[in-house]
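Q: what shape does this take:
(2 chains)
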Amino acid sequence: MILPVKAAWNPNGVDYLFSSSSTNPNDPSYDLAVASDVRANKAWNRNTDCSSVKIGIVDSGIDKDHDDLTSNLANPSSPGQNFSGVSASYPVKDENSHGTHVAGIIAARGNNGIGVAGICWTASMVVAKVTDAKGSAALSDVVDGLNYLLDQNAKVINASLGSYVPATTESENAEFEDIFSGITSKAASKGALIVAAAGNNGRNTDVDRTYPASLSSNYVISVASNYEGFSDEELLNTSNYGGGTVHLSAPGYSIHSTLPEYDYTAYSFNGNPYTGTKNYGNKSGTSMAAPMVAGTLALMWSHIGLNDIDALSLKGLLLNNVESYSGTDGVPGNILITGGFLDVGLALEAAEDFIN
Amino acid sequence: MDLKKWIFVLGPVLFLFVFSMRACVETSQQELGLEEQGESLPTTDTATRVFKSKKTTEKKATEDSSAGEAVNDSPTSEDDSVGTKALDEFEPIMSGEYVESETRMYIQKIYEVSSRYPYIMKQEIYETSPLDGAYKVFRGERQFVADHILVKFKEGWTEDMVISAMAKVGFLVRRKMNTEQLYLISFPMLKHDSWNEAAETLRSLDSVSSVVPDIYGKALF
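A: Predicted coordinates for the structure are as follows:
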């Protein structure tokens, strides 16, 4: 069953705002992470466990020994595979910090008394490392990483990366779609969803594409980044958008999450190296918005039951239960397919309704 | 000469001077390519965007400081995301123009860099202006591996058949990817437009389904 996407204000959301109770973990910095901006604490009284849904992350790798992550890896001693062409002390070691940060947004261990809590408190994550320490990768590496995660039976795959390809012609778009067709058809046959960051070029991706986010496959969800959402609906001015290509937005400004516990040298977007704050820190961009959506899908799916809803119905359920932009902060709803932003609490309420 | 006479004489002179200086500056900006894209020329970007001031940025940054956490980075600008600044630190080893069609032209520069893929192409895209037909509407730039190309072959073409077909046109199979019918193909990079010619050759083959550049650069969003 494919549910249609609804772009209008969801009246259920109004009631829900005042009726649903909250559940908060004992992690000291949980509220700096994801809880309030997307009302995750309204969802956690329904479900916190995503471990029945394998989550794939294609990124710069991960700190597999991070105290807030290691127990949420499918295989902590060997969490994934390296496609970046650069070696480290273990194959998917994150020498950039980006992948570790993304993993924490999805599933930093919740209620363990340290650090932060991800959207999922418990999870089963697998990692494909495709970038070098500077965060550079080729499109072919990204394709390899996505293919690996599908082969690992990941049901929700987060891609907070991609290739920016401006000014594509229609024939070029068709060729990129064809190149990725092996990936999207495999996602369809395995019933998996790919959640991709829309990119930070400040462009309309209906015109200037990013791949994989701009793929037309039903199994791809593209995510823009907004500020807090409920208190400030504004999109980040660097966020890509597109009424035909970007589905929804989620918070992506100064998001607090996990960083590698070892010494690392990260690189800012202009290529300048800096020494990152260890263990935890803030990052911004659509990269941080996409994992909020990926985590929410895993939370919904595990709540409903992996065999009780298919991938496209789950996608429809989420996209039908976003908070619509009111327009008060100047964001016209028509620059996103749903015209709305992520509300984890509302999504889990919809999952609950689906069960009943 | 009294004040009224001074104003009468110098006013027009001053006006002409300011007017000519402004025209001069505008011409220079156009010559240097500083004219903002989409300002005066038609654009295909149809969506309307409205953004507010940076008040939120300032507000959140303050919160970060009080929490004792540094804001490690900020979202990228368009140019930074494709690594342009890093590439521009190098001298191109080849460069030139490639006219793809009556409406589109590329300025191409190939750099040798110390990365997994040593040859990177930066391709600036220009389209013709509806005003005079000249290639001066900058549409963006792409960055990709200069000496290989991502190719999907049609169903039924085995690896041996692909290797043989590529050898006939002087190309090599660099790697068969795990995704169905997808190959990385390399070719002799003799000049700045070798990639474009390789793409044309591949697209003309019956065995080939699609051809795209292996986009390379800052991939993390």
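
Q: residue of the stretch 101-250 of chain A nearest chain B, please.
A: Minimum separation of the stretch 101-250 of chain A from chain B (CB to the nearest CB) falls at residue A:166, amounting to 2.9 Å. Backbone N, C-alpha and C define where each C-beta goes, glycine included.

Q: report how many residues lie close to that residue.
A: Look at residue A:166: counted by other CB atoms under 10 Å in any protein chain shown, it has 18 neighbours.

Q: how about the nearest residue to it, chain neighbours excluded?
A: residue B:140 (2.9 Å; CB to CB, 6 or more residues apart in numbering or on different chains).

Q: may I see the buried residues of stretch B:201-219?
A: B:201-202, B:205, B:207-219 (16 or more other CB atoms under 10 Å in any protein chain shown).

Q: nope, stretch A:67-78 is what I was after
A: For stretch A:67-78, the neighbour count (16+ other CB under 10 Å) marks A:68, A:69, A:72, A:73, A:74 as buried.

Q: helices of chain B, start to end?
A: Assigned by DSSP state H, the helices in chain B fall at B:3-31, B:55-66, B:78-81, B:84-87, B:159-168, B:194-203.

Q: which strands and helices lie in contact with the last one?
A: Taking 3 or more CB pairs under 8 Å, 6 or more residues apart in numbering or on different chains; DSSP states H and E as contact, the helices and strands that helix B:194-203 lies on are strand B:104-112, strand B:135-153, strand B:208-218.

Q: so which residues make contact with the first one?
A: I take that to be strand B:104-112. A:169, B:87, B:90-100, B:118-128, B:135, B:146, B:189, B:192-193, B:195-196 (CB atoms under 8 Å, 6 or more residues apart in numbering or on different chains).

Q: what angle do strand B:135-153 and that strand make with each other?
A: Between strand B:104-112 and strand B:135-153, the angle comes out at 70 degrees (axes from the mean of the first three to the mean of the last three CA atoms, to 10 degrees).

Q: tell me where the model's unsure across chain B.
A: Along chain B, segments meeting pLDDT under 70 span B:1-86.

Q: residue A:160 touches residue B:219, doesn't it?
A: No: Residue A:160 is beyond contact range of residue B:219, at 9.5 Å (criterion: CB atoms under 8 Å).

Q: how about residue A:196, what does it touch?
A: A:159, A:160, A:162, A:210, A:212, A:213, A:215, A:220, A:221, A:222, A:223, A:290.

Q: mind pulling the model confidence for it?
A: Per-residue confidence (pLDDT) for residue A:196: 98.

Q: pull up the pairing partners for whichever strand or helix holds it, direction included.
A: In this structure, residue A:196 sits in strand A:193-197 according to DSSP states H and E. Sheet pairing of strand A:193-197 (DSSP bridges) gives strand A:156-159 (parallel), strand A:220-226 (parallel).

Q: immediately after the first one, which helix or strand?
A: Which is strand A:156-159. Counting by DSSP H and E, the element after strand A:156-159 in chain order, helix or strand, is strand A:163-165.

Q: and that following strand, how far out from the chain middle?
A: With CA atoms, centre = their mean, to the nearest Å as the basis, strand A:163-165 stands 18 Å off its chain's centre.

Q: ditto for stretch A:112-132
A: Taking CA atoms, centre = their mean, one finds stretch A:112-132 lying 11 Å from the centre of the chain it belongs to.

Q: output it as PDB, restricted to C-alpha atoms.
A: Output in PDB follows, covering the C-alpha atoms of stretch A:112-132 (Å, rounded to 0.1, in the frame of the first residue of the first chain):
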ATOM      1  CA  ASN A 112      23.200   4.800  29.500                       C
ATOM      2  CA  GLY A 113      24.100   7.800  31.600                       C
ATOM      3  CA  ILE A 114      26.700   9.300  29.300                       C
ATOM      4  CA  GLY A 115      26.800  11.800  26.500                       C
ATOM      5  CA  VAL A 116      23.800  12.100  24.200                       C
ATOM      6  CA  ALA A 117      20.900   9.900  23.000                       C
ATOM      7  CA  GLY A 118      20.200   9.300  19.300                       C
ATOM      8  CA  ILE A 119      16.800   9.000  17.800                       C
ATOM      9  CA  CYS A 120      17.200   5.200  18.400                       C
ATOM     10  CA  TRP A 121      18.500   4.300  21.900                       C
ATOM     11  CA  THR A 122      19.400   0.800  20.800                       C
ATOM     12  CA  ALA A 123      20.100  -0.200  17.300                       C
ATOM     13  CA  SER A 124      22.000  -2.400  14.900                       C
ATOM     14  CA  MET A 125      24.200  -0.300  12.600                       C
ATOM     15  CA  VAL A 126      26.600  -1.300   9.800                       C
ATOM     16  CA  VAL A 127      29.000   1.100   8.100                       C
ATOM     17  CA  ALA A 128      30.500   1.600   4.600                       C
ATOM     18  CA  LYS A 129      33.400   4.000   4.600                       C
ATOM     19  CA  VAL A 130      33.800   5.800   1.300                       C
ATOM     20  CA  THR A 131      35.700   9.100   2.000                       C
ATOM     21  CA  ASP A 132      39.200   9.900   2.900                       C
END
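
Q: was I right about the residue nearest to residue A:166 contacting residue A:210?
A: No: with contacts counted by CB under 8 Å, residue B:140 stays clear of residue A:210, the gap being 11.9 Å.

Q: ok, the two, which is more surrounded?
A: For the pair residue B:140 and residue A:210, the greater number of neighbours falls to residue A:210 (30 against 21), based on other CB under 10 Å.

Q: tell me what that one is bridged to.
A: residue A:164.

Q: ok, it - contacts?
A: A:162, A:163, A:164, A:165, A:196, A:197, A:198, A:199, A:201, A:240, B:221.

Q: can you pull up the most central residue in chain A?
A: The C-alpha lying nearest the average C-alpha coordinate of chain A belongs to residue A:291 (CA atoms, centre = their mean; 2.0 Å).

Q: find the nearest non-adjacent residue to that residue, please.
A: Nearest one to residue A:291, counting by CB to CB, 6+ apart, is residue A:105 at 4.0 Å.

Q: ok, then the element right after the helix or strand hosting that neighbour?
A: Per DSSP H and E: residue A:105 is located in helix A:98-107. Going down the chain from helix A:98-107, the next helix or strand is strand A:122-129, by DSSP H and E.

Q: from the chain's centroid, how far away is the helix or strand following that next one?
A: Remark: after strand A:122-129, the chain's next helix or strand is strand A:136-138, criterion DSSP H and E. Remark: strand A:136-138 is offset 19 Å from the chain centroid, using CA atoms, centre = their mean.

Q: packing partners for strand A:136-138?
A: Looks like strand A:136-138 contacts strand B:208-218 (3+ CB pairs under 8 Å, 6+ apart).
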